[in-house]
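Participant: Next one to model:
(one chain, ligands or ions: 1)
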Amino acid sequence: MNSIKFRLFVYYCAISFVIFGILGVFLYFSLEDIVLKSIDNALMTKAKAIATLISEDEGINFKFSDEILKEYSKHSKHYFQIIQGQKIIEKSESLKGESLPILKEVKTVTFKNEPVRIVPFSFKINNKQFTIECAQDIDDKIDLLQTYLGILSIAIVVAIILSAFGGLIVVNAMLKPLKKISLTISKLSESNLSKSHIDENVANELKPLAIAFNKTFARLDNVFNKQKQFVADVSHELKTPLSVILMETEMALRKQRKIDDYINTIDQIKNSALHMKNIIDTLLKLISIENTKLLEKKTCDIKEIIKKSIFLSKQQLDKRNIDLKINGETFFIEADETLITEVFLNLIDNSIKYNKEFGIIDINIDASKKIVEIIDSGIGIEKEALDKIFDKFYRADPSRSKTIEGLGLGLSLVKEILELHKSKIKVESKPNIGTKVTIYF
Ligand code: ADP
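Facilitator: Below is the predicted model of the structure:
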């Protein structure tokens, strides 16, 4: 009972009821007006005819033609009475023993338990005021009007029922595309998202809905696919160190070995476990950043954050003999300091890791544009790999990446943090010349 269909149907009935009701009332009163006007005209003509007769003999003798006498005979339902001043001085035979009320204007009264229409007509003869009231029993006309009212009421009820059914057909036709949409949605599941499509060839009003649903399906499909890919990647990444642990333990258990061999095996297991811990820690960090809704923002000095990140990477810089310079004046941003430090730690770490021995790193700060560039003289990135470096677990050039430690998660983390701060990152690179990373705050 709470369905749109039912509500539309009720509205449709209510509207038709009001429209047909108004039309019916208008038709009934128009007809009543026409009927009464024609009676009034006829009565007025008769009153005027009687007045002419009276005028002819100056209101002294009331001699009426046979025709008049016959019309107003004893059992006739047509009446007249002549009034002088307030006194009835003559009346038709049909009124014998009774009188009509003396009226100033046309009116329907009840006389002998019947509706009677009275039309008065006043005139003067020799300064004497006369009024002729002609009247007619209109019971048959009222009956006719009531019959008409009955037929009209039935016609209106039939019209309302028919239009309500018409409305039901219209409502059904209107809801058909919606039903189709809901059917497609009800069949929706993770596995058939890519194939789910709502026909956009629908009524203009429903087109935006169909388009919005199709876009949502595509987005959800993309999210599910990314999720699947992510799970596959994580499993793959964890599988390698886990295989190393299994292999090492199996080898160690196969036969009695020397103490140094055991130490070596335990060391291998420890490294693999550390690698797994690293993956899990970074993933947890990534997930917590993805789920961050409220940043702990405060005014941050960009140069100070960069200096802090360099300080934390000092050991690596020295180890690889890399010369790092900071150029430009600082600027301030409203940001989560820990997360922005994480960004610079990752980017500086990359510019050291993928740099050459005795390489250089320039960090340029442009306060006017709120831009920071990190330019290294490292191994660079191939053009085809540039689009993928922000994907989780992606590492360009696996042969080189093997010798350089990394999880392929740093740049995903960086991008996620910058998006949270409504900032952007751009990477330009030339293999064997170097890489330029630009952050737009
Ligand atoms: P990781 O460094 O742990 O591998 P990242 O997500 O930080 O993961 O980087 C993804 C890949 O992008 C790296 O494996 C590397 O191939 C490439 N890359 C990132 N920064 C640089 C850089 N400064 N120079 C050369 N290659 C880079």
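
Participant: For the helix or strand containing Glu428, what is the distance to the chain centroid?
Facilitator: Taking DSSP states H and E as the criterion, Glu428 maps to strand 424-430. In terms of CA atoms, centre = their mean, to the nearest Å, the centre of strand 424-430 is set 40 Å apart from its chain centre.

Participant: what packs against it?
Facilitator: helix 410-420, strand 434-440 (3 or more CB pairs under 8 Å, 6 or more residues apart in numbering; DSSP states H and E). C-betas here are computed from N, CA, C, even on glycine.

Participant: strands paired with that strand, and their directions?
Facilitator: Using DSSP bridges, the strands paired with strand 424-430 are strand 434-440 (antiparallel).

Participant: Need the residues that contact the strand it pairs with.
Facilitator: 343, 347, 350-351, 354, 369-378, 380-381, 418, 423-429 (CB atoms under 8 Å, 6 or more residues apart in numbering).

Participant: the longest helix in the chain is where?
Facilitator: helix 4-56 (DSSP state H).

Participant: So which elements touch the helix or strand following that helix?
Facilitator: Using DSSP H and E, the helix or strand that follows helix 4-56 towards the C-terminus is helix 66-71. Contacts defined by 3+ CB pairs under 8 Å, 6+ apart place helix 66-71 against helix 4-56.

Participant: at 10 Å what do you get?
Facilitator: The contact analysis (3 or more CB pairs under 10 Å, 6 or more residues apart in numbering; DSSP states H and E) places helix 66-71 against helix 4-56, strand 78-84.

Participant: could you say what helices and strands the shortest one packs with?
Facilitator: Under the contact criterion of 3+ CB pairs under 10 Å, 6+ apart, strand 78-84 touches helix 4-56, helix 66-71, strand 87-91, strand 114-125, strand 128-137.

Participant: Leu188 belongs to a helix?
Facilitator: No. Assessed with DSSP: H, G, I helix; E, B strand; the rest coil, Leu188 is coil; it does not lie in a helix.

Participant: looking at it, it is touching Phe217, isn't it?
Facilitator: Yes. Using CB atoms under 10 Å, Leu188 is in contact with Phe217, at 7.6 Å.

Participant: Give the residues shared as contacts by these two.
Facilitator: Ser196 (CB atoms under 10 Å, 6 or more residues apart in numbering).

Participant: what about the residue of the stretch 151-300 of the chain found nearest the ligand, which helix or strand?
Facilitator: As assessed by CB to the nearest ligand atom, the ligand sits closest to Thr282 within the stretch 151-300 of the chain, at 8.6 Å. Here Thr282, judged by DSSP H and E, is contained in helix 259-290.

Participant: Starting from the following helix or strand past that helix, tell me which strands it pairs with and how they run.
Facilitator: Remark: after helix 259-290, the chain's next helix or strand is strand 298-301, criterion DSSP H and E. Partners of strand 298-301 in the sheet, by DSSP bridges, are strand 332-335 (antiparallel).

Participant: buried set for the partner strand?
Facilitator: Across strand 332-335, burial judged by 16 or more other CB atoms under 10 Å covers Ile333, Ala335.

Participant: next SSE after that strand?
Facilitator: Using DSSP H and E, the helix or strand that directly follows strand 332-335 along the chain is helix 337-353.

Participant: I'd like the distance from that following helix to the chain centre, please.
Facilitator: That offset, for helix 337-353, works out to 43 Å (CA atoms, centre = their mean).

Participant: Strand 434-440 and that helix, what's the angle between them?
Facilitator: For helix 337-353 against strand 434-440, the angle by axes from the mean of the first three to the mean of the last three CA atoms, to 10 degrees is 170 degrees.

Participant: which bits of the stretch 301-441 of the chain sit near the ligand?
Facilitator: 346, 350-351, 354, 376, 378-381, 389, 394-396, 401, 406-411, 435 (CB under 6 Å from any ligand atom).

Participant: Are any of those buried, and if so which?
Facilitator: Looks like those have 346, 350-351, 354, 376, 378-381, 389, 394-396, 406-411, 435 buried, using 16+ other CB under 10 Å.

Participant: Low-confidence ranges, the protein, go.
Facilitator: Along the chain, the model assigns pLDDT under 70 to residues 1-2, 58-61, 398-402.

Participant: any idea which element the most centrally placed residue in it lies in?
Facilitator: By CA atoms, centre = their mean, the mean C-alpha position of the chain lies nearest to Leu209, the distance being 8.2 Å. Assigned by DSSP H and E, Leu209 belongs to helix 207-254.

Participant: helices and strands around that helix, which ones?
Facilitator: helix 139-186, helix 259-290.

Participant: can you redo those as JSON lines with mean neighbour count?
Facilitator: Shown next, in JSON lines, are the helices and strands packed on helix 207-254 (neighbours: other CB atoms under 10 Å):
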{"stretch": "helix 139-186", "mean neighbour count": "14"}
{"stretch": "helix 259-290", "mean neighbour count": "14"}
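
Participant: Out of the helices and strands packed on helix 66-71, which one sits most buried?
Facilitator: strand 78-84 (a mean of 21; mean count of other CB atoms under 10 Å).

Participant: Would you list the strands that that strand pairs with, along with their directions?
Facilitator: strand 87-91 (antiparallel), strand 128-137 (antiparallel).

Participant: Specify the angle between the shortest one and helix 4-56 in degrees.
Facilitator: If I follow you right, that is strand 87-91. Using the same axes, to 10 degrees: strand 87-91 against helix 4-56 is 90 degrees.

Participant: What lies in contact with the next helix-or-strand element following strand 87-91?
Facilitator: Using DSSP H and E, the helix or strand that follows strand 87-91 in sequence is strand 107-111. Strand 107-111 has contacts (CB under 10 Å, 6+ apart) with 36, 39, 77, 79, 95, 98-101, 103, 115-120, 135, 137-138, 142.

Participant: now do 6 Å
Facilitator: In this structure, residues lying in contact with strand 107-111 by CB atoms under 6 Å, 6 or more residues apart in numbering are Pro101, Pro115, Val116, Arg117, Ile118.

Participant: biggest separation within the residues you listed, which pair?
Facilitator: The largest separation in these, counting by CB to CB, is between Pro101 and Pro115 at 13.5 Å.

Participant: So for these two, which sits in the more crowded spot?
Facilitator: Using other CB atoms under 10 Å as the criterion, Pro101 and Pro115 rank with Pro115 on top: 16 against 11.
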